[in-house]
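Asks: give me a 3D structure for the following:
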Amino acid sequence: MRLSDIERPQDLYRIIEHRFVRHGWWSRVLAARLRRLPDARFISLLNEAGTVDEIVGRLHEQLRLRFFFHPRNRKDFFLNTLTTTQPYESILEEARLVLNNSFQTLGSGIVELGDRIRWQRDFKSGIEWDLAPTNELDLEDRGRPSDVKVPWELSRFHQNWWLGKAYWLTHSEEYAEKFRSLADDWIEQNPPGLGVNWANGMEASIRAVNWMAGYYFFCESSTIPAAFWLKFFKSLYVHGVFIENNLEYSVRNHNHLLADLVGLTFLGIFFRQTPFGKRWLEKGMRGLEEEMANQVYPDGVDYEKSTSYHRLVLEFFTSAAILGKHNGLRWSDDFLRRLGKMFDFVLAYSRPDGSIPLYGDADDGRLFRLFLKDEINDHRHMLAVGAVLFDRSDLKIAAGKFHQHVLWLFGGEGFERWQLLRAEAAKTGSRAFPGGGFYILQSADTHVTVDAGDIGLRGRGGHGHNDVLSFEFWHRGHPLIVDSGTYGYTFDIEARQEFRRTRSHNTIVVDGQEQAPFDGLWAIRVDNSRPKVTKWNIEGETIELEVEHDAYSHLNVIHRRSFQLEPASGKLRIVDDLKGTGEHLLESYLHFAPDVVVSLESGRRAVAAQGNLRYALTCSAGAWEIAESWFSPSYGLRFRNKTLRLSLKVQLPARMEIVIEPSEVG
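Replies: Take a look at the predicted model:
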């Protein structure tokens, strides 16, 4: 952490307070106290008295209307609507896997974890962390490659949704009993402050929110005793104390802090009859209001510069907004306005088939994972939620269909509101997001996304990659030229850095150097790119974008790139002007989707074949060569693909032109 990078004085105070003072208090004092917290003391904090059955019974009634849903919503209309969004057999199959302790996560495939889950274990590598104070654990553990995200993901308890849906459909108590046994076992194996699952507020928050969902699925179960619910409520209280004392303020606040604030907001609503609940709710909502203005540009783009994290951040803000509204709480007009803009960005980057460009990191993170298996790179469920939240028919049309997420967040009323939205065609023209630095050049058959902004986190990098002036090209239902993706974080350090590199993106590399030097796994030392859009024209027969950046200014090189898309044909012309002096090695990369077959007809002409489509690729200087590379569609998965590399050593100034021209055969 460099103090010179801190933008606002209050950020420094918060870092000191939360990362040092409060975290130290938690580690040295609070965690041990909470491990010994007597039930009687917790009951007094709830301002309750009486037998456990009486106390829990009163809490059940108090909590009934505080979440998105409750067992009393389990009506035929609700359940029938549910099974229109997911086949009955699929719901039962996902729950059956949980009953058998069979899970898949982060590219693992289905894995049977045995009779009892080991919550500190990365079951992909076999590495297991000790049940020790978190600050004594090496979470990256680079000496023996492992991925702490595996136990974290399992401990987020998305499985509550899969069990809960099956329970509501079948009324079988085996699903309720499995929920109870998993939560009970987790509490026993994860004492407060010990082990990897107390490593940060984000994990505790996502777990707490999904535990709340589990509560509302099973709170009227006839087989779950009151004693369990008291233990469960006490653990939720411990989660809230942990989050409050471990808020992840940083030099650049990011999605971790948002998760923490969402956790406080949800827990504050859950315990709002208590002084600590009211305090958490006020802190959570105030923080989310502030971070919406801090982390999201006015045009709606999350400043981490990742489409996947944009979806995660949007889930955080949206779920809190809907739950707050459900509980009679008000959000500011500025908060709601910028939230609406975030949906505009999803609408713009989502292609007609629902696929998205993979800019920046992607770790498959979700707040609520309603399905064991879903298309991780399809964000149309959020468009459906936004349609109902903001009464927007354009989002409804782009969403394509009613999505289950609307049902759980809005109840049966959500389906009725969805039905009442007018069927207006969504606007699909080219869009500019100058704050976030993304430009979409679009026609009916073609979708080109260009990253014309900074690397991310206003100079810190974070989940942004070295991809300034990189682009993705989608045409007639298929991605042709793609971002390489992410693949992973700590389990393969070399691959982590390779997927971040400039050469892993569809842009220019000068003298083999990075657009920004790396500083560890999630930061850069400095971002000198300072991209500047010099032309943006969406009128006429050609859509034009021209941008330049200064990332290579230390080499006395300025890179200017122009895109010219002919909407009628899908023909794309890319012109690179390198301004400067001296001789330099210039390398231009094009990364293709794995199903694309690439061949050379000559040094300056290549052909890419995809189904019945052919693309002629020509260059004005140098010579193409085909290389093997990797494409990662989601975390933990990668597949071989082809890359065209164009290189030449020239005296500057120089110009390189690439033309991609589609044609149809057969």
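Asks: can you report phi and psi for Arg645?
Replies: Dihedral pair for Arg645: phi -120, psi 130, per degrees, to the nearest 10.
Asks: what's it in contact with, if anything?
Replies: Glu587, Ser588, Tyr589, Trp624, Glu625, Ile626, Ala627 (Cβ atoms under 8 Å, 6 or more residues apart in numbering). In this view, the C-beta of every residue, glycine as well, is placed from N, C-alpha and C.
Asks: Pro517 now?
Replies: By Cβ under 8 Å, 6+ apart, the contact list for Pro517 reads Ile524, Arg525, Val526.
Asks: what subset of these is buried?
Replies: Neighbour counting with 16 or more other Cβ atoms under 10 Å marks Ile524 as buried within the contacts of Pro517.
Asks: adding secondary structure, write the contacts of Pro517 out as JSON lines.
Replies: Formatted as JSON lines, the contacts of Pro517 follow (DSSP: H, G, I helix; E, B strand; the rest coil):
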{"residue": "Ile524", "secondary structure": "strand"}
{"residue": "Arg525", "secondary structure": "coil"}
{"residue": "Val526", "secondary structure": "coil"}
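Asks: ok, so of the contacts of Pro517, who is nearest Glu566?
Replies: Ile524 (35.8 Å; Cβ to Cβ).
Asks: for the closest one, name its beta-bridge partners.
Replies: Following DSSP bridges, Ile524 is listed with bridge partners Phe518.
Asks: got the contact list for the lowest-mean-pLDDT helix or strand in the chain?
Replies: In the chain, the helix or strand scored least confidently by mean pLDDT, DSSP states H and E is helix 9-14, which has a mean of 85. Here helix 9-14 makes contact (Cβ under 8 Å, 6+ apart) with Leu3, Ile6, Leu247, Tyr249, Val251, Asn253.
Asks: which SS state does the nearest residue to Glu546 once chain neighbours are set aside fall under?
Replies: Distances taken as Cβ to Cβ, 6 or more residues apart in numbering place Lys535 nearest to Glu546, at 3.7 Å, with adjacent residues excluded. Using three-state DSSP, the structure places Lys535 in strand.
Asks: pretty sure Tyr237 sits in a helix.
Replies: Yes - Tyr237: assigned to a helix according to three-state DSSP.
Asks: name all residues that make contact with it.
Replies: Phe42, Leu45, Phe271, Phe276.
Asks: can you count the residues close to the last one?
Replies: Other residues near Phe276 number 17, with proximity taken as other Cβ atoms under 10 Å.
Asks: pLDDT below threshold where in the stretch 401-550 of the chain?
Replies: 425-428 (pLDDT under 70).
Asks: tell me which stretches of it form helices.
Replies: For the stretch 401-550 of the chain, the helices defined by DSSP state H, counting those that start in this stretch cover 404-410, 412-420, 493-500.
Asks: hey, which of those is tucked in deepest?
Replies: helix 404-410 (a mean of 22; mean count of other Cβ atoms under 10 Å).
Asks: quick one: distance of that helix to the chain centre.
Replies: 19 Å (Cα atoms, centre = their mean, to the nearest Å).
Asks: hey, C-alpha coordinates of that helix in CSV?
Replies: C-alpha atoms of helix 404-410 as CSV (Å, rounded to 0.1, in the frame of the first residue of the first chain):
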residue,chain,number,x,y,z
GLN,A,404,-36.1,-17.1,-11.9
HIS,A,405,-34.1,-14.3,-10.2
VAL,A,406,-37.1,-12.0,-10.6
LEU,A,407,-39.4,-14.5,-8.8
TRP,A,408,-37.1,-14.8,-5.7
LEU,A,409,-36.3,-11.1,-5.4
PHE,A,410,-39.9,-9.8,-6.1
